[in-house]
Structure formats: structure tokens, C-alpha cells
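> Next comes the sequence, and after it the predicted model I'd like to discuss.
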Amino acid sequence: MSEIARQGPSAVYIKPTSGLAALNLGDLWAYRELVWFMVWRDVKVRYKQTLLGMLWAVIQPVLTMVVFNFLFGKVAKVPTDGVPYPIFAYTALLPWGLFVTALNQGSRSLVAHNNMITKIYFPRLILPLSSVLAGLVDFAIALIVLAGLMAYYRVHVSLVTLWTLPLFLLLGIITALGVALWLSAFNVRYRDVNHALPFITQIWFFLTPVAYAATVVSEKWRLVYSLNPMAGVVNGFRWGLLGAGSGPDAALWVSVTISLVVLVTGLFYFRSMERTFADTI
Amino acid sequence: MATAIEVEHLGKRYRIGVAQTRFRYAMLRDSFSAALQAPVRRLRSIVAGRGPGNGPSVEASEYIWALDDVSFELQEGRVLGIIGRNGAGKSTLLKILSRVTEPTRGSVMVRGRVGSLLEVGTGFHPELTGRENIFMNGAILGMKRAEIAAKFDEIVDFSEVSQFIDTPVKRYSSGMYLRLAFAVAAHLEPEILVVDEVLAVGDAEFQRKCLGKMGDVAQQGRTVLFVSHNMSAILRLTQEAIMLNKGRMARRGPTQEVVDYYLSSGQAQAGERIWQDAEISPGSAPFTPLSLRLKDRRGKVVDTVRSTEPIHLEFAYRLDAPVSGLRVGFYLSTMRGDYVLTSFDTDEPVMFEQHAARSAGNYVSRCEIPADLFNDGRYSVGVNASSFGVRRYFQDESALAFTVDISGAPGTQWPEPRQGPVRPRLQWQIEKVG
């Protein structure tokens, strides 16, 4: 520490900011270790003092898949592009689950950590960011079960398209982060977000091809349908893994554009609200 | 020597209501109704001949400047005391310096990392072990992982919880928890240390540790900002001080001079509390508090009392109309907020018969608190005037605070902290029975 002092520590200028604040992502880089620590803490704490522990990361999607299999696979018999329904549902439930967890945890992250916000300085972006990233661990665990399921049903991985999986995953994370930035900053001031979140995720679920195939949406609505970036993510994930369905088309670019717009505007909105977080939370 | 802190025309504006009830947040519909009313209000002001933006706007009255045009500089390695009453802007100043909140006006230049002893335990998670929390907390305070690892053993030693370092901290006693949290904060070694004793929790032993650490830091030539209501600590630890009053800088100079000014300006909470008219809510009528004084046995107003001597508490007040069933008294509590005792002037049935009904006029209710009662540390006195079951006229939970010095008290030949807020002189007998 004394060496740093001898070199002369750098000066920080504290001034009121106004309008669209600069993103100041350099500060986020300086605190990158904290992002890792927060993710680690979230993962470590999530299943503490639970009987089943990490198994919950598997139980949730598997049980949902079982219920869907009965309702949509056996009773309603929705078309699945030739894939066994359990696999069809589970491949979609994984990215969707990641998205929902990220959205929920991210949107509540600022309010949940209000004691940190009112006491010390750190880039506030770390809170929603690390909450979103923490969901990846659950995702990875649930992915192992998917491998088992596919072996059981003798469904083959589509090796040609497999490389696109991380990209669709990234798109899902970007979408979740963008929305979480908006909602978490909004939540600091208006706790309405807490009440609206379950409703938002439910509606969003029906607009996303998790239980059904995107091909049931008629051609003329396809473009409107792809305004929902998660439609692109879930559809693309299924296609990337199994080679099933229509695969990405021009509509995917609409999804990508939308989620990037949400992310960038979310970043600026978050930054401009950040200066009053400690006063209004 | 370089400048460590440069504050220029600093101002911070809060919305009234936001500042006072910090945990209330707006509901969306409040904003909707405000948005609906806004055009009407604007129309009205235009009709009334005032353009929007000039004239006394509605906005100005809804805001309060917690900090207003404060400027000062501090050289590296200096220790600056900050004093002032509650609400003078001390904590707001520290919050801006540590970048928790943004100023509304002006600017601050800070050279180096700002660490504070008020963020003790921030980010601690009850489910994590002591070891895990040290790393977590260190990262939150801005330490690099390598830096924490290098200091890990030192932190554990300092905290005295090495046996339980792999136990989740939810199993810790509150004392252990605080010691561990403090140990991390104390090893942050920032270039600029901010200590807000007003917000510091913990027992006397813990507070002493805080002050000790602060002294060390100052000795090492680092810059320290020290906020306290404890004038003797301010005098002992700082050479220069500033006094804030209602968000403005009231005084800057050598500590002795500023403390003298503070004590003589009638704002001090040291041994004496004088209520200004503006501080008393109209709802307390016909009861008007005037002053509360703490005196030693020679009748001198004191901030620090010896536990081996009795002390006197005097509460002066005015009744503008006759009041019946009145009782006037005080609470004593530790700085941690635990009550030690409550007592009223008409507790004795005889006193109640004689004084329950009081005519209009000026009064003093005084009592003697016996010697050999308190343990060392700082205590807070709250006052209350009420008619039981009828009405509470006036209450001030922290009217003044005082420090108890235990030299000469029983057991002080052993230099160990004693648990508990009281330290009575008990009559022991030792008998050989077999």
C-alpha cells in the first residue's frame, strides 16, 4: 500500500452529472473481481439450508417438462417438428429458465442489496450483472440432465449447428440483462416492479415458443412474433442443438436488434438513475 | 505536501420527505397523479402572472439543502475533525466523499482510496463462513484478492475468531461478528480514512478499538476525517476541525477554537442541551422544554463523568397552562440503543400527590444519579413529558450524551473490559465454610 502512496494515488473527481451520464465502463473493469465474488456468493448461498441443494436446479425444469409432456404432448398433442415431446420441451425450458431467473434476480438485485448501496461506493452495474450471470451455474447443471435425456430417447445432437448454441445463449443473457437494467433501476424508485414481475414473466412465457413450436405461428405474424427476442433465443437454441424446426431467418436479426437496443438504452437509463440510488432506495 | 481532499462549493439537495422518511418510496400512481396535476399547476402559475421557472416556484419549498456551499481543503496526512448537531450535514458530507451519493452542486477532488469505518460488515452474508466473508467483504471494499490473501492471517488474528473461521457467521455472537467485520475494514488501509463515530455501533470496547485504529492510521501519515459528538475524542485526536451548521460551514480552525465556539453557540450536545423555539413542535404545547444539563457534584456542566461520583440531571421546562397528571423524566440508553433505565419525577406516590397537577410557570425537575452505577462507555439521555394514559407532550430520544470514565471503579485493577452497562459496587463477603 505504501508503494502506491509513494507513487501518488490517482485523484478522483466527484461532480454532479446530468443528462445522459457517461457509461464509465472502465470503473466496472477495475471492479471485475467483485463481479466474480458476487456470482460466487449467489451460487454458494442459493441452496444453503435446503434439503435437496443443487438438485433444485434440475428438479424445476424436469418437473415442468413432465407436466408439459402430459398437457401439451399427450393431451393437446402439439406438433414438435418430429422431436420427442420431453426433449422438445426441455431444450426450450433450459434457456427460458435461465432467462427467467436472470430477469427476476437481476430486477430485484438493487433493492435486495440496499445496505451496500447506501453505505459504500462500487459500480452499481455489478449488482444486476452478477445476478444475471449467477443463473448460468443452474443452467450448466440442468444441461447435464439434458444429455441424459437425449441418450435415453436416442436423439442425436446436430453437430453442424452446435456451434451456434453459445451465441443464442449470449442473446438470451443480453436480453435478460437489458430488461433487468431497466426494471432494477425502476424498482429503486417504484416498487411496482415487484408486483409486475410475475405477471410479466407469465405473459412473456406464452409469447415464447417453449411449450409449442414457433412453426405454429402463421407466416404473416412471424415478423411481429420475432419482436420478442426470447422467441429467437428459444427457437434458435432448439435448432442449434437438435437441428429441428425452421432455424434462424431474417426475423432473428429483428430479435438481435431489439435486445441490443434494450441493453444499450438500459445501460444509459441505469447510469442516469444511478446517482440518486442511495437517496431514493 | 499534496492536497488530499479539495471540496469546492459543495451542495446536496434532498427532497423533503425523501430525506426524512428514507425508507418510503414512491408508488407509480403518486407520480401519475403528480403528472396529472402538473399542467394544472403550471397553468395556474401562468394565470397568476408568474411564468414557469421564475418567482417562488412550488419546487423550491419541497427541497432542503442538507449541504450548502461548503468549501475546504485538506493536506495529506492531516486529521480533520467534523462537528455539528444532528442534521448539520456531517453524514451527507461523508457520503459524498465516499461516493455513495452524488452532490447536487460543486465538486470534490479526492486523492486516493477512501475507506470508512462506518461500512463495517457491509456485504456480509450470514450463510457464508468467516473465511468466505473476509474475501467477500474485502472485495466489496475495493481490495484485490491478492491483497486480501496477503493480509488474511493478520485480519484473523485481529478479529480473535480464528477458531470459528470456517463456521458460518450466522452462528457467531454479535460481538464476534462485529470484531470480524471491523478487522476487515481496519485492514483496508485506504489513503483517506473516514470515521463516523455517530453511526458507529458496538460496545465501549469496540469503540475504543475504532479510535485506537484511527490513531494508528493518523500516525502513519494518512489522511483522516473524524466525525463525532464526543468533544474530548475530537480534542484528543485532531488538530484542526470544521463545524457545520444547517448544511453550511460555520467555522474552521484549530480544534480547540472550533470546539469552544461550538460549545458556546448553544448547540453542543456535550453535557448540555438547549432547545431552540424552532426545534419544538407546536403539538407539545403547553409544555415547552428549555434545557437539559448534566452536572457533576460541584455543579459544573460536564460531558465526561466519573463513575465513582454521583451526577445530577436537570431538566428545565415551561408550562404555559396548568397541566394535571404530569410526569417528567428521562431514559438512559447505551449508544447501541439498549435501554439502561427509565425514571420519572413523580414515580414516588408522595411526589405524585404533591406535583401531579402543576400550574403555569417555569420548572426544573432534577435528580441525582448515584455513584457506582455505570460501566465505562458513552450513554444517551432521552427526555419525556407526559400524562400517563392521556397524552405525551414532549419526547426527545437523544437529548444529550455523556461519557463515563471508570478510573477508580471496582475491578479496574484488572485491565479487561467488563460486560454490561452497569458496574455497581457490590458488597461481597467471603467465608470459609469447610
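Good, I have the coordinates. Residues are numbered from 1 along each chain as shown, chains lettered A, B, ... in the order given.
> all contacts plus neighbour counts: C-alpha atoms, from now on.
OK.
> which residue ranges form the strands in the stretch 1-150 of chain A?
Secondary structure of the stretch 1-150 of chain A (DSSP state E, counting those that start in this stretch): strands at A:11-14.
> Okay, now the unreliable bits of it?
Residues of the stretch 1-150 of chain A meeting the criterion pLDDT under 70: A:1-9, A:18-21.
> remind me, longest strand of chain B?
Of all segments of type strand in chain B, defined using DSSP state E, the longest is strand B:391-405.
> Restrict that one to CA atoms and write it as PDB.
Output of strand B:391-405 as PDB, limited to C-alpha atoms (Å, rounded to 0.1, in the frame of the first residue of the first chain):
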ATOM      1  CA  ARG B 391     -51.100  12.400  26.300                       C
ATOM      2  CA  ARG B 392     -47.500  12.600  25.600                       C
ATOM      3  CA  TYR B 393     -46.400  16.300  25.500                       C
ATOM      4  CA  PHE B 394     -42.800  16.000  24.500                       C
ATOM      5  CA  GLN B 395     -40.200  13.400  23.800                       C
ATOM      6  CA  ASP B 396     -36.600  13.600  22.600                       C
ATOM      7  CA  GLU B 397     -34.900  10.200  22.400                       C
ATOM      8  CA  SER B 398     -31.400  11.600  22.300                       C
ATOM      9  CA  ALA B 399     -31.300  14.900  24.000                       C
ATOM     10  CA  LEU B 400     -27.700  14.600  25.100                       C
ATOM     11  CA  ALA B 401     -25.000  12.100  25.500                       C
ATOM     12  CA  PHE B 402     -22.200  11.700  28.100                       C
ATOM     13  CA  THR B 403     -19.100   9.600  28.600                       C
ATOM     14  CA  VAL B 404     -18.400   7.600  31.800                       C
ATOM     15  CA  ASP B 405     -14.900   7.300  33.000                       C
END
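> quick one: contacts of that strand?
Applying Cα atoms under 8 Å, 6 or more residues apart in numbering or on different chains, the contact partners of strand B:391-405 are B:269-273, B:283-287, B:289, B:292, B:303-307, B:331, B:374-387.
> pLDDT at B:Ser291, what is it?
We have a pLDDT of 90 for B:Ser291.
> buried ones in the longest strand of chain B?
For strand B:391-405, a neighbour-count test (16 or more other Cα atoms under 10 Å in any protein chain shown) marks B:Arg392, B:Tyr393, B:Phe394, B:Gln395, B:Ser398, B:Ala399, B:Leu400, B:Ala401, B:Phe402, B:Thr403, B:Val404, B:Asp405 as buried.
> and stretch A:120-139, does that touch chain B?
Yes - if you take Cα under 8 Å from any Cα of the partner chain as the test, stretch A:120-139 does meet chain B, through A:Ile120, A:Tyr121, A:Phe122.
> What mean pLDDT does stretch B:89-102 get?
Average pLDDT, stretch B:89-102: 88.
> For that stretch, measure first residue to last.
Start and end residues of stretch B:89-102 are separated by 14 Å (Cα to Cα, to the nearest Å).
> Next, see if that stretch gets close to chain A.
Yes - using Cα under 8 Å from any Cα, stretch B:89-102 comes into contact with chain A via B:Lys95, B:Ile96, B:Leu97, B:Ser98, B:Arg99, B:Val100, B:Thr101, B:Glu102.
> what's the spacing between that stretch and its chain's center?
Remark: stretch B:89-102 is offset 15 Å from the chain centroid, using Cα atoms, centre = their mean, to the nearest Å.
> Which residue ranges of the chain form helices?
Assuming you mean chain A. Ranges of helices in chain A, per DSSP state H, are A:2-7, A:25-30, A:32-46, A:56-68, A:85-112, A:114-117, A:126-152, A:165-189, A:192-206, A:222-225, A:229-242, A:250-274, A:277-280.
> Chain B was what I was after
Taking DSSP H as the test, the helices found in chain B are B:28-47, B:58-62, B:90-97, B:130-140, B:145-159, B:174-186, B:204-219, B:231-237, B:255-264, B:349-355.
> Please identify the buried residues of the last one?
Of all the residues in helix B:349-355, those buried under the rule 16+ other Cα under 10 Å are B:Phe352, B:His355.
> who's in contact with it?
If you take Cα under 8 Å, 6+ apart as the criterion, helix B:349-355 is touched by B:Gly325, B:Leu326, B:Asp345, B:Thr346.
> go with 10 Å
Helix B:349-355 has contacts (Cα atoms under 10 Å, 6 or more residues apart in numbering or on different chains) with B:Ser324, B:Gly325, B:Leu326, B:Arg327, B:Phe344, B:Asp345, B:Thr346, B:Ala356.
> Now the buried members of the residues of stretch A:120-139 next to chain B.
The neighbour-count test (16+ other Cα under 10 Å) marks A:Ile120, A:Tyr121, A:Phe122 as buried among these.
> pretty sure the second one is in contact with B:Gly142, am I right?
The reference is to A:Tyr121. Yes - taking Cα atoms under 10 Å as the definition, A:Tyr121 is a contact partner of B:Gly142 at 8.9 Å.
> Now do the nearest residue to B:Tyr177 once chain neighbours are set aside against chain A, distance only.
Distances taken as Cα to Cα, 6 or more residues apart in numbering or on different chains place B:Val169 nearest to B:Tyr177, at 6.7 Å, with adjacent residues excluded. Computed with Cα to the nearest Cα, to the nearest Å, the distance linking B:Val169 and chain A is 13 Å.
> Contacts only, for B:Ser173.
Each residue near B:Ser173 by Cα under 10 Å, 6+ apart is listed here: B:Arg179.
> wait, isn't B:Gly123 in contact with B:Ala185?
No - the criterion here is Cα under 10 Å, and B:Gly123 misses it with B:Ala185 at 11.8 Å.
> Grab the nearest non-local neighbour of the residue of chain A found nearest chain B.
For chain A, the residue closest to chain B is A:Ala11, as judged by Cα to the nearest Cα, at 4.1 Å. Setting aside the residues directly before and after it, A:Ala11 is nearest to B:Arg111 in space (Cα to Cα, 6+ apart), at 4.1 Å.
> now swap in A:Val188 and tell me
The nearest residue in space to A:Val188 (Cα to Cα, 6+ apart) is A:Ile281, at 5.0 Å.
> what's the residue nearest to A:Ala11 in contact with, if anything?
B:Arg111 makes contact with A:5, A:8-13, B:2-6, B:76, B:191-192, according to Cα under 10 Å, 6+ apart.
> Filter the residues you listed down to just the buried residues.
Buried subset of the contacts of B:Arg111 (neighbour count, 16+ other Cα under 10 Å): A:Tyr13, B:Thr3, B:Ala4, B:Ile5, B:Glu6, B:Glu76, B:Glu191, B:Ile192.
> burial of A:Gln60, as a residue count?
A:Gln60: 13 surrounding residues under other Cα atoms under 10 Å in any protein chain shown.
> Any stretches of the stretch 151-300 of chain B with poor pLDDT?
In the stretch 151-300 of chain B, residues with pLDDT under 70: B:197-210, B:230, B:232, B:263-270, B:278.
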